[in-house]
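Asks: Generate a structure from the sequence data that follows.
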Amino acid sequence: MSTSTKTVPILTLDGARTAIAAAEARSKEIGVPMNIAIVDAYTHLVAFHRMEGAKITSINIAIDKAFTAAGHRAPTSVYKEMVWPGGPAFSIWNSNGGRFLTIAGGIPIMQDGVVVGAIGCSTGTPAQDEDCATKGVEAVEKSLKVKAKL
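Replies: Below you'll find the predicted structure:
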């Protein structure tokens, strides 16, 4: 067995579509159209969906929320209390070419304890964005558990 390489799970386009469908369904329930971005574990865009009425200025925000969640392996909401002046992560938003976002709505997608991608939602309040993103993550993780049982 080689120790020079490692096999890791990869988020597929079907997985990305599952996340988008669930996030879109939740956004319709709450009446807030979303921009929904899915990236892989390496922060590359896998899929993007802009619902009718979603803010055009939120397109890059959704993508960057997913980028941050996948790249830092943590929900973007964890930075809320750390980014204020004097906080331990103050000015972190300047990193990665300004793409590092500290606004809730970006959540990693996990499989067997490994980040396989992330979802970013944007247009509503941070709580609404996080709510929709959570539904997307839950749908993918549920589908992975069902497939593992087959």
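Asks: list the buried ones in stretch 8-19?
Replies: 11, 15, 16, 17, 18, 19 (16 or more other C-beta atoms under 10 Å). (C-beta placed from N, C-alpha, C; glycine too.)
Asks: Just the closest of these to residue 46, please.
Replies: Residue 46 lies nearest to residue 16 out of the buried residues of stretch 8-19, by C-beta to C-beta, at 4.4 Å.
Asks: element containing that closest one?
Replies: Using DSSP states H and E, residue 16 falls within helix 13-30.
Asks: next structured bit after that helix?
Replies: Later in the chain than helix 13-30, the nearest helix or strand by DSSP H and E is strand 35-40.
Asks: strands paired with that next one, and their directions?
Replies: Sheet pairing of strand 35-40 (DSSP bridges) gives strand 45-50 (antiparallel), strand 114-122 (antiparallel).
Asks: Convert the C-alpha atoms of the longest one to CSV, please.
Replies: Meaning strand 114-122. Extracted as CSV, the C-alpha positions of strand 114-122 are listed here (Å, rounded to 0.1, in the frame of the first residue of the first chain):
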residue,chain,number,x,y,z
VAL,A,114,-14.0,14.8,5.7
VAL,A,115,-15.0,18.0,4.0
VAL,A,116,-16.1,17.2,0.5
GLY,A,117,-17.4,20.6,-0.4
ALA,A,118,-19.5,23.5,0.9
ILE,A,119,-22.6,25.5,0.2
GLY,A,120,-22.9,29.3,0.3
CYS,A,121,-26.3,31.1,0.2
SER,A,122,-26.8,34.8,0.0
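Asks: Let me know the angle separating that strand from helix 13-30.
Replies: Per axes from the mean of the first three to the mean of the last three C-alpha atoms, to 10 degrees, the angle that strand 114-122 makes with helix 13-30 is 40 degrees.
Asks: got it, and the first one?
Replies: Angle of strand 45-50 versus helix 13-30, following the same axes, to 10 degrees, is 30 degrees.
Asks: OK, contacts around the residue most central in space within the chain?
Replies: What sits nearest the mean C-alpha location of the chain, by C-alpha atoms, centre = their mean, is residue 119, with 2.1 Å. Applying C-beta atoms under 8 Å, 6 or more residues apart in numbering, one finds that residue 119 lies in contact with 19, 23, 36-38, 66, 69, 106-107, 109, 133, 136-137.
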